[in-house]
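J.: sequence first, predicted model second:
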Amino acid sequence: MNELNVVKYGDREIVYAVEFCHRKTLEISVMPDSAVQVRAPQGAKLEAIAQKVQKKAPWIVEKQDWFAKFPKAPPPRQYLGGETHLYMGRRYRLKIEKGDCREIKIDGGFIRVVSADVRPATVKKLLDEWLRNKAKTQFKKVFDDCIKKYAKSAAPRLQIRDMKTRWGSLSKGGILTLNIKLIAAPKECIEYVVVHELCHLKHANHDNAFYRLLETRMPDWQRRKSKLENMQV
């Protein structure tokens, strides 16, 4: 269960959520919406976590201010005709048609949805299912290509699910999880997330050795990461 906590930095308040999990070190992440997520080892004291957050406060504020320069997230989807949706880095408009069959497909610059029931809730359900199936196919292609290059002898198992604060993760049990929302991102950003997680097979923490390996495998990883972080899903 996540817990919300606050530390002060000058006239700013840094609100952060703490997630306790099976790991040896503490990790602090600033999300594109400026939320601060702390992943801490089981049994870590809140006082010690607060001290770590306080120490990292200048970096946290810098990241929050950087994210604040970009446009706010779009309003909630209405699932009506003409609304735009991202798929594999490209923006498409919804074209909703009433018909006897159920069908969703890319048609030029549109995602065409055909259904006897065209109520927004039904369109959302159909589109979510279509995107999940597309994610399974597209993520598997990227995953398999990266495994051939970097993890032939220690290939993790691929899993796809909806995650609130992370694009990807690698468990100790050998499961590489990708966020379903990545289907909105360009292929190069999906590749970045997969390669990033595969680097954790050799280096569990985000230390210098980890980043040296990531730099070797993907010299332009920072550009891809920035592109992903600036994407409005």
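T.: Structure received. Numbers count the residues shown, from 1 in each chain.
J.: which elements pack onto the one helix or strand in the chain whose mean pLDDT sits lowest?
T.: Between all helices and strands in the chain, the lowest mean by mean pLDDT, DSSP states H and E belongs to strand 3-9, at a mean of 87. Applying 3 or more CB pairs under 8 Å, 6 or more residues apart in numbering; DSSP states H and E, one finds that strand 3-9 makes contact with strand 12-21, helix 46-55, helix 57-68. Using the backbone N, CA and C atoms, a C-beta is placed for each residue, glycine as well.
J.: now those in JSON lines, with mean pLDDT, mean neighbour count and distance to C101?
T.: Converted to JSON lines, the helices and strands packed on strand 3-9 look like this (pLDDT from 0 to 100; neighbours: other CB atoms under 10 Å; distance: least, CB to CB, whole Å):
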{"stretch": "strand 12-21", "mean pLDDT": "92", "mean neighbour count": "15", "distance to C101": "44"}
{"stretch": "helix 46-55", "mean pLDDT": "95", "mean neighbour count": "14", "distance to C101": "54"}
{"stretch": "helix 57-68", "mean pLDDT": "92", "mean neighbour count": "15", "distance to C101": "43"}
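J.: to T165, which of these lies closest?
T.: strand 12-21 (8.0 Å; CB to CB).
J.: now that closest one, how far from the centre of its chain.
T.: From the chain centre to the centre of strand 12-21 is a distance of 18 Å (CA atoms, centre = their mean, to the nearest Å).
J.: care to break the protein down by domain?
T.: 3-68, 84-229 (automatic domain parsing).
J.: which stretches of the chain have low pLDDT?
T.: Low-confidence segments of the chain (pLDDT under 70): 1-3, 71-74, 232-233.
J.: can you give me the strands in it?
T.: For the chain, strands defined by DSSP state E occupy the ranges 3-9, 12-21, 27-30, 36-41, 84-87, 90-98, 103-107, 110-115, 157-161, 168-170, 175-179.
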